[in-house]
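Colleague: Fold the stuff below for me.
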Amino acid sequence: MEATTTFFESILRIKPPWHIVRVTHDTVNSRVDLYVEHDKGIRFPCPVCKEFRSVYDHSPEREFRHLNVFSFKTYIHVQIPRVECPRDGVQQIEHGLAEPNGTVTHEFERMVIDLEQECSIESISRILDVDWHLCQRIQERAVERGRERKGQVLPEHVGIDEKSFAKGHKYETIVYDTEKGTVEDVMDDREQKSLETYYSKFPLEALESVKTVAMDMWDPYIAATKAFIPNADEKIVFDHYHVSRIVTQAVDKVRKDEHRRLMEQGIDILKGTRYLWLWNEENIPDFRREEFERLRSMDLKVSRAQVLKENIRNLWNYKSKAWMEIFFNRWFFWATHCRLKPMISAAKTLKSHLKNILTYAKHKVTNAIGESINSKIEKMKRLACGYRNREHYRTAILFHCGGLELYPKRSQAAFQILAS
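Modeller: So this is what the prediction gives:
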């Protein structure tokens, strides 16, 4: 037994005055239990004033789940001492084993956090044979810990996007840092008050320090930003993706209408060609290039719409706001005289938001970081097979995309507290 306790004291780095006094194992349930005590007559530092004080009493025995040993679930049992301090009263010592009121050791919690970055919580609870709610709570505690360490900081370069939470037009508003690529906050819905809730957390000095706000052309976001960010008209940027999406959606409407009309005549030449018109021209696969060229040579409405889509991409090649505006006005005239209703509607939408499209010439902000974050969120949703709880969804986004310091702080190894 002495060799066994010495072995476990070594791998757990338990040092005097702490000792493992008993080890039990249950082969049927694959479980090892370690019972830890300290020498009598020992004084421990008060957690407040750090002066060494006598032991007043002990808390009831607590059980902590630790890392497995030889595939055996390992539990540490200990009665945490409380010291009597003349200045601070009776205080429980800092045992360094787990978070306050935690039921797992720091090492076990760190392992769960590592796994949660790769697997779903359901998978982890099954692999480690622990309760699902314990793993969820560890993730929540990691996010709380990380946000507390990070503090409330408004980025100089703000990105705003929406993300669907579930079917039925349920959305979340996501605020991210376009420089660092981190999600700063997640709010329910995509209403004006959703974003105003975020802005209202900061003083005027922080709001004035914002240099750019990248977003899509969603009026509630625009209104909220103008209400809180000084000189917002010069800072809001509608970038490549949001402009291209509006035009691309119009091209798809043209294709659908034309495909329906041709099918009524028994012509199916547009069947299965959706992405040929939606892809950027250089991204069309080689094996479909000949098909695309053949279709484009025909007198098709969608072909005319596709040319407009490709041409608007040249807008971003201009470095001057004035030249961007000149190019856009030429494109707008072309688009509004093409006799394609979806393209005319898209052109008018862009015209109504032209002022903050042209701010790109000054700020050169894109939402590439936002799209990267969206990809991470989609991967996260697939791993979890979707979310039903908004709060869990919000926590998961901040856990995976918040750039937070998630791990519990290792200020001192367990059971190595100075004593005298």
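Colleague: okay, CA-based contacts and neighbour counts for the rest of this
Modeller: Will do.
Colleague: Skip the chain neighbours and tell me the closest residue to Asp185.
Modeller: Val175 (5.4 Å; C-alpha to C-alpha, 6 or more residues apart in numbering).
Colleague: Surely the one you found forms part of a helix?
Modeller: No - counting by DSSP: H, G, I helix; E, B strand; the rest coil, Val175 is not found in a helix; it is strand.
Colleague: thinking it is in contact with Ile160, fair?
Modeller: Yes - Val175 lies in contact with Ile160 (C-alpha atoms under 8 Å); the separation is 4.7 Å.
Colleague: Who has more neighbours out of those two?
Modeller: Taking other C-alpha atoms under 10 Å, Val175 and Ile160 do not tie; Val175 has more neighbours (25 against 21).
Colleague: quick one: the more buried one from Tyr198, how far?
Modeller: 8 Å (C-alpha to C-alpha, to the nearest Å).
Colleague: mind checking pLDDT for the residue nearest to Asp185?
Modeller: Note for Val175: predicted pLDDT of 94.
Colleague: For the host helix or strand of Met111, name the packing helices and strands.
Modeller: Assigned by DSSP states H and E, Met111 belongs to helix 106-116. Judged by 3 or more C-alpha pairs under 8 Å, 6 or more residues apart in numbering; DSSP states H and E, the packing partners of helix 106-116 are strand 62-69, helix 121-128, helix 132-150.
Colleague: Next, show the common contact partners of Val175 and Tyr198.
Modeller: Asp185 (C-alpha atoms under 8 Å, 6 or more residues apart in numbering).
Colleague: can you map out the strands along the chain?
Modeller: 18-26, 31-38, 43-45, 52-58, 62-69, 72-78, 81-85, 89-92, 157-166, 170-177, 182-188, 212-214, 236-237 (DSSP state E).
Colleague: and of the ones you listed, who's closest to Trp334?
Modeller: Trp334 lies closest, by C-alpha to C-alpha, to one member of those: strand 236-237, at 24.2 Å.
Colleague: roughly how far is the closest one from the heart of the chain?
Modeller: 23 Å (C-alpha atoms, centre = their mean, to the nearest Å).
Colleague: Quick one: list the elements packing against that strand.
Modeller: Identification of packing neighbours for strand 236-237 by 3+ C-alpha pairs under 8 Å, 6+ apart yields strand 212-214, helix 354-358.
Colleague: Name the residues that touch the first one?
Modeller: When contacts are taken as C-alpha under 8 Å, 6+ apart, the neighbours of strand 212-214 outside the stretch itself are 156-160, 235-239, 363, 365-367.
Colleague: most neighbours, which of those?
Modeller: Highest count within the contacts of strand 212-214 by other C-alpha under 10 Å belongs to Val237, 30 neighbours.
Colleague: check contacts around that one.
Modeller: Contacts of Val237 (C-alpha under 8 Å, 6+ apart): Thr212, Val213, Ala214, Met215, Asn356, Ile357, Leu358, Thr359, Tyr360, His363, Val365.
Colleague: Lowest pLDDT pick from those residues?
Modeller: Out of these, that is Val365, at 85.
Colleague: State the distance from that residue to Arg260.
Modeller: 39 Å.
Colleague: can you pull out the helices in the stretch 301-420 of the chain?
Modeller: 301-312, 321-336, 341-352, 354-358, 360-363, 368-384, 390-401 (DSSP state H, counting those that start in this stretch).
Colleague: So which other helices or strands are in contact with the shortest one?
Modeller: In terms of contact count using 3+ C-alpha pairs under 8 Å, 6+ apart, helix 360-363 is assigned the packing partners helix 321-336.
Colleague: Where does pLDDT dip in this structure?
Modeller: Counting by pLDDT under 70, the chain shows low-confidence ranges at 1, 167-169, 410-420.
Colleague: Where do the domain boundaries of it fall?
Modeller: 1-97, 157-238+366-401, 240-363 (automatic domain parsing).
Colleague: okay, these, which one's buried deepest?
Modeller: Sort these by mean neighbour count, taking mean count of other C-alpha atoms under 10 Å, and domain 157-238+366-401 sits at the top with a mean of 18.
Colleague: how far is that one from where the chain is centred?
Modeller: In terms of C-alpha atoms, centre = their mean, the centre of domain 157-238+366-401 is found 10 Å from the chain centre.
Colleague: and that domain, how far apart are its ends?
Modeller: Span of domain 157-238+366-401 from end to end, C-alpha to C-alpha: 17 Å.
Colleague: Wait, Asn356 touches His240, no?
Modeller: No - counting by C-alpha under 8 Å, Asn356 stays clear of His240, with 11.7 Å between them.
Colleague: quick check: angle from whichever helix in the chain runs longest to helix 301-312?
Modeller: For the chain, the helix with the greatest residue count under DSSP state H is helix 240-264. Angle between the axes of helix 240-264 and helix 301-312 is 170 degrees (criterion: axes from the mean of the first three to the mean of the last three C-alpha atoms, to 10 degrees).
Colleague: mind listing what's buried in stretch 109-116?
Modeller: Within stretch 109-116, the residues that count as buried by 16 or more other C-alpha atoms under 10 Å are Glu109, Arg110, Val112, Ile113, Glu116.
Colleague: Only C-alpha atoms, please: export that stretch in CSV.
Modeller: Output of stretch 109-116 as CSV, limited to C-alpha atoms (Å, rounded to 0.1, in the frame of the first residue of the first chain):
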residue,chain,number,x,y,z
GLU,A,109,-11.4,20.8,-16.6
ARG,A,110,-8.6,21.7,-19.0
MET,A,111,-8.9,18.3,-20.7
VAL,A,112,-12.7,18.8,-21.2
ILE,A,113,-12.0,22.3,-22.6
ASP,A,114,-9.5,20.8,-25.1
LEU,A,115,-12.0,18.2,-26.2
GLU,A,116,-14.8,20.7,-26.5
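Colleague: quick revisit: out of the helices and strands packed on helix 106-116, which comes closest to Glu184?
Modeller: Per C-alpha to C-alpha, nearest to Glu184 of the helices and strands packed on helix 106-116: helix 132-150, 9.2 Å.
Colleague: Return the list of helices and strands in contact with the closest one.
Modeller: Helix 132-150 packs on helix 106-116, helix 121-128, helix 390-401, going by 3+ C-alpha pairs under 8 Å, 6+ apart.
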